[in-house]
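In: Next input, structure requested:
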Amino acid sequence: MFHHLSIGVKDLDKSGRFYDAAMGALGFRRVFEDETAIGYGLEDGKDKLCLKLRPDAVAPGPGFHLAFSAQSRGAVDSFHLRALSAGGTDNGAPGLRSHYGPHYYAAFLIDPDGYRVEAVINRADTEA
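Out: Numbering: from 1, shown residues only. From the prediction side, this is the model:
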């Protein structure tokens with residue numbers, strides 16, 4: 001459905017460190033950068049998530065969050081741990097969320113600009 005998503009951030013360096021950690025844990029990397037933007041994806045020049053420097057950026061309020069697909073429960077755990085150490089705020093430790101389904105394993109964070117982000121795998125996965 002989406003080609004890419006852009007979000008405004010107040011401090012590109014700080015947000016870049018957070019998303020380097022978070023996206024790296026999920027297998028994504030910086031695919032471009034300049035003075036006002038950083039793009040994440042799998043192929044050079046083809047971003048799926050773009051951070052745009054906007055000094056007046058304001059994160060959406062409650063009810064909005066970005067959920068990123070993980071390939072394993074271990075990737076969800078790594079997302080949470082690495083992004084916490086890169087400036088994120090815990091908003092839900094890694095674990096099963098049975099109210100979403102029997103295999104819904106997710107972790108929740110708040111990024112340096114206040115965006116609520118999640119990593120999730122929703123299938124049977126024996127990797128812890």
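In: Contacts for the helix of greatest length in the chain next, please.
Out: Scanning the chain for the longest helix, with DSSP state H as the assignment, gives helix 12-25. The contact list for helix 12-25 (Cβ atoms under 8 Å, 6 or more residues apart in numbering) reads 9, 29-30, 33, 36-38, 40, 49, 51, 53, 68, 75, 78-79, 81-83, 85-88, 109, 111-113, 117, 119. Where you see a C-beta, it was placed from the backbone N, CA and C, and this is true even at glycine.
In: Next, the buried residues of that helix.
Out: Residues of helix 12-25 classed as buried: L12, S15, G16, R17, F18, Y19, D20, A21, A22, M23, G24, A25 (neighbour count, 16 or more other Cβ atoms under 10 Å).
In: So for that helix, mean pLDDT?
Out: Averaging pLDDT along helix 12-25 yields 98.
In: Quick check: next helix or strand after that helix?
Out: strand 29-34 (DSSP states H and E).
In: quick one: that next one to helix 12-25, angle?
Out: 160 degrees (axes from the mean of the first three to the mean of the last three Cα atoms, to 10 degrees).
In: Just checking: what are the partner strands of strand 29-34?
Out: Paired neighbours of strand 29-34 in the sheet (DSSP bridges): strand 37-43 (antiparallel).
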